[in-house]
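Asks: Quick one, fold the following:
(2 chains)
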Amino acid sequence: MTAVAIVGAGLAGLVAAHDLAADHATIVIDRLPATGGVLGYEHRLVRAHQDRCRDAGVDFLLGTTALRWELPRLLVAGPRGIEWLGADWLLYAGGVRPAVQAEVGLLGPRLAGVLPAPVAIHLAEAGVRLGARICIVGSGDWAERSAEVLGARGSELIGISTDGAHPGFAGAHWVGWRATAVAGTGRVSSLTVSRDGIDCQIPCDCVVLAGDVRPLRNVDGAIVDGPRVAFAQAAADRVTTQEVTRVALEAAAMIRRSNGSTTQ
Amino acid sequence: MTSHSDSEAFDVVVVGAGVLGTAIAARLSSSTARVCVVEAADDVAEGASKGNAGITSSYYAAPGTLEADLIAGTFRRWEEVCARLDVPFRRIGAVMAAISSEEADVLPSQLAEALACGVRAEIVSGDEARRLEPLLSADCQQALVLPDEGIIDPMRLCIGFAELAARNGVTFRFNAPVVAVERHGGRAAAICTPDTRIETRFVVNAAGLFADLVAQLAGGESYRMWPRKGQYWLLDRDWGSRLQRIVFGAPLADTKGIHVVPTTNGSALLGPSAEDGIRRQDKATDAQTLAFVASRAARLVPSVPLDRPIKAFAALRPASEQKVRVEVDSVVPNLLHAVNRSTGVSASLATADRVAALLADAGLEFRVRPEALDSIPPVRRLLLDPEPESLTRVDARYSQVVCACEQVTAAEIAAALSSALPARSIDGVRKRTRATGGRCQGSVCLAGVTFMCSMAQMIPPGEVVTTAGAPLGLP
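Replies: Residues are numbered from 1 along each chain as shown, chains lettered A, B, ... in the order given. Below is the predicted model of the structure:
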């Protein structure tokens, strides 16, 4: 039986795993020790899909980071140690992340206080006060989640959104403006936003990068593409569970099609 | 401010913990000399030594110059030194590519200089150059091949020097800018920082971009340093690891040109620009220069993936009228200068030897201590280890990957936080391990690294220092 290693136990990974399980040896690997990804372990769809996967004989290797894809094997590190797993296919369902400073095109020096949204959320939840006046760049899920967590800690929030969509949180908003540069000494002290050749400087002490999502890729040998790699990542902000499911089934179908053409 | 109880005494105070300051400290650490390094920043390699292309040049300057001598006295020694100091190094060689006929015209004079410096070099056809570096542009007409050039991790080099020095008993004082120099009888007698007064017999000024200010405080000769900004792009390992050689642009009027440089961890650097300025803190990038760097790099290697950069950054080289200054001050006889604009890494080993000799000539008596260490214990790294499966037998924490992009484990970060000269900031962890430095720029691991720093230093996470000495959170 063809072996498929699925990286990511969020909704996409679980949907793909269940779809492939009937005629493939399927294992789902996730960095975190629980299934669910961004939806979380408790989500109704996550619970349902995980149960279906168990019934269909899918293996799980949780708390385990996939490192390197060298067809036909995948290097992983987890509670069992560091090991090579045999696999004929890698299905990568690693979710998305906001664009980094260079991808956004945010110029200026490297400064404290300029943080990717997942980090800002994590630290704020751990009790770190990240800023008194925080610019949140982006208008999608990451921006909204950042606003929820950071706003709850009493920081003043300012939203910057390129695409004209209104960030769904209270605060001053620069809709239709692009964040173009940061300035400061040591710590960020202002964010420059631009529109139609006009620049404005917004004083702030923290900038959260929460927009322009990209697929999160970190398995060597499967960064852009790779031999026998299928990606199930809906790289868009505010993506629906239907869309995630569609992308996952498409990736699974690609593996099935390719097996059909190579083995029969 | 300073009381006598805060006073210390050393034979040599080295000002600056960049590549030259740490190389000198490591060199002297095997001797009976009592050495202290004072550094304004909170870590080693916080100036030009962290913001450079990571090239060990085999030749750079005109034959017969001090700079050429120092490079010649250094470049053959890297394999041996890097093995002892746990520093990533590979002698992959370089091709200096001529795309235009104007650039091709420059190659013969470059060849003559390289040969005069005792370096292996030859001019080859475009086809031969593309055999050596398949990603090179189809438009490359000719190239100068320099097989002795290498790539090094310049931050790990400073860390290696400093770790060896610290293990051999050298004292390091961080967050210790020199604010005054006490003088007696025309000599520099004590270095004052905000917290301490350090009596010393000799002062080695390795303060890089700030060397002129230290010289001035010590009453030494007057010279001027200014920042020469270099802007770079960092590109991902999945592309960078396909590069086989360093690709140099042919030299323009004032600089060696824009290069495409593989790094020791597989990523690639494009740069640097060369912009003379006056503000010594100005490390801002700008769109126009970054676009220039990108276009010059793409001219050499068309497949550079400019649509997915990891980061863009600027660094400041310590420029001066005199490119390299390794000498005793002409006014203050116990003050030595060790400053280098562009080739600090490439000249570091011979510079340290020369400083030791100058100190001996100037009357510092020191003997080699046979019991001194000459190496530091290596830390195995998951990303580059040939037998990754065996790592968890050394330390179970190797199975815990904290930074997924750069594949840095809890074992490696713990080692960085507990060495003789431990990381004391997120940037300090990044310099020692690469954690947070990969394609997601810490999106996944920065919080985890923060918590590890917090635990190691026993401070709240919000007080953990990130880059440039500023804490992550507000008080």
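Asks: residue ranges of the strands in the stretch 1-150 of chain A, please?
Replies: For the stretch 1-150 of chain A, the strands defined by DSSP state E, counting those that start in this stretch cover A:2-7, A:24-30, A:59-62, A:65-70, A:73-78, A:81-86, A:89-92, A:96-97, A:114-116, A:133-137.
Asks: Quick check: which of those strands is nearest to B:Ile99?
Replies: Closest to B:Ile99 of the strands of the stretch 1-150 of chain A is strand A:65-70 (CB to CB; 35.7 Å). Glycine gets a C-beta too; all of them are placed from N, C-alpha and C.
Asks: Kindly report the residues of the stretch 201-350 of chain B close to chain A.
Replies: When proximity is defined by CB under 8 Å from any CB of the partner chain, the stretch 201-350 of chain B lies next to chain A at B:233-234, B:236-238, B:281-287, B:290, B:308-314.
Asks: So, low pLDDT: which residues of the chain?
Replies: Because you didn't say which chain, this covers chain A. Along chain A, the model assigns pLDDT under 70 to residues A:261-264.
Asks: hmm, I had chain B in mind actually
Replies: Along chain B, the model assigns pLDDT under 70 to residues B:1-6, B:252-256.
Asks: Need the residue closest to the centroid of it.
Replies: B:Ser49 (2.9 Å; CA atoms, centre = their mean).
Asks: And stretch B:203-223, how far out from the chain middle?
Replies: Relative to its chain's centre, stretch B:203-223 lies at 20 Å (CA atoms, centre = their mean, to the nearest Å).
Asks: whoops, I mixed them up, stretch A:53-68
Replies: With CA atoms, centre = their mean, you get 19 Å for stretch A:53-68.
Asks: So which residues make contact with it?
Replies: A:5, A:7, A:9, A:14, A:17-18, A:21-22, A:26-35, A:74-80, A:85, A:219-221, B:382, B:388, B:401, B:404, B:407 (CB atoms under 8 Å, 6 or more residues apart in numbering or on different chains).
Asks: again, only this time at 6 Å
Replies: Stretch A:53-68 has contacts (CB atoms under 6 Å, 6 or more residues apart in numbering or on different chains) with A:7, A:14, A:17-18, A:21, A:26-31, A:33, A:74-79, A:219-221, B:401, B:404, B:407.
Asks: so the nearest residue to A:Trp84 once chain neighbours are set aside bridges to which residues?
Replies: Excluding its sequence neighbours, the residue lying closest to A:Trp84 (CB to CB, 6 or more residues apart in numbering or on different chains) is A:Arg73, at 4.5 Å. Under the criterion DSSP bridges, A:Arg73 forms beta bridges with A:Glu70, A:Gly86.
Asks: Just confirm the residue nearest to the centre of chain B is within a helix.
Replies: No: assessed with DSSP: H, G, I helix; E, B strand; the rest coil, B:Ser49 is coil; it does not lie in a helix.
Asks: you'd agree B:Gly220 is up against B:Glu327?
Replies: No: counting by CB atoms under 6 Å, B:Gly220 does not reach B:Glu327; the two are 10.9 Å apart.
Asks: out of these two, which sits in the busier spot?
Replies: Taking other CB atoms under 10 Å in any protein chain shown, B:Gly220 and B:Glu327 do not tie; B:Gly220 has more neighbours (25 against 16).
Asks: With adjacent residues omitted, what lies nearest to that one?
Replies: B:Asp329 (4.1 Å).
Asks: From B:Phe313, how far off is the closest residue to chain A within the stretch 51-200 of chain B?
Replies: Chain A sits closest to B:Gly51 of the stretch 51-200 of chain B, with a gap of 9.9 Å, by CB to the nearest CB. Using CB to CB, to the nearest Å, B:Gly51 is found at 7 Å from B:Phe313.
Asks: How about B:Ala404?
Replies: B:Ala404 sits at a distance of 22 Å from B:Phe313 (criterion: CB to CB).
Asks: cool, and A:Ala152?
Replies: From A:Ala152 over to B:Phe313 the distance is 33 Å, taken as CB to CB.
Asks: Distance-wise, check the residue nearest to A:Trp84 relative to chain B.
Replies: Look at A:Arg73 and chain B: by CB to the nearest CB, to the nearest Å, they are 11 Å apart.
Asks: quick one: that residue and A:Asp88 touch, right?
Replies: No: in this structure, A:Arg73 is not within contact of A:Asp88 by CB under 6 Å, at 10.0 Å.
Asks: for chain B, what are the nearby residues on the stretch 101-250 of chain A?
Replies: Within the stretch 101-250 of chain A, the positions near chain B by CB under 6 Å from any CB of the partner chain are A:102, A:107-110, A:112, A:116, A:118-119, A:122-123, A:126, A:128-130, A:186-187, A:218, A:223.
Asks: List only buried entries from those.
Replies: Among those, those scoring as buried are A:102, A:107-110, A:112, A:116, A:118-119, A:122-123, A:128-130, A:186-187, A:218, A:223 (criterion: 16 or more other CB atoms under 10 Å in any protein chain shown).
Asks: Which residue ranges of the stretch 301-450 of chain B form helices?
Replies: Secondary structure of the stretch 301-450 of chain B (DSSP state H, counting those that start in this stretch): helices located at B:344-361, B:391-394, B:410-417, B:426-433, B:446-457.
Asks: How about the stretch 151-300 of chain B?
Replies: Counting by DSSP H, counting those that start in this stretch, the helices of the stretch 151-300 of chain B are B:154-167, B:211-217, B:237-240, B:287-300.
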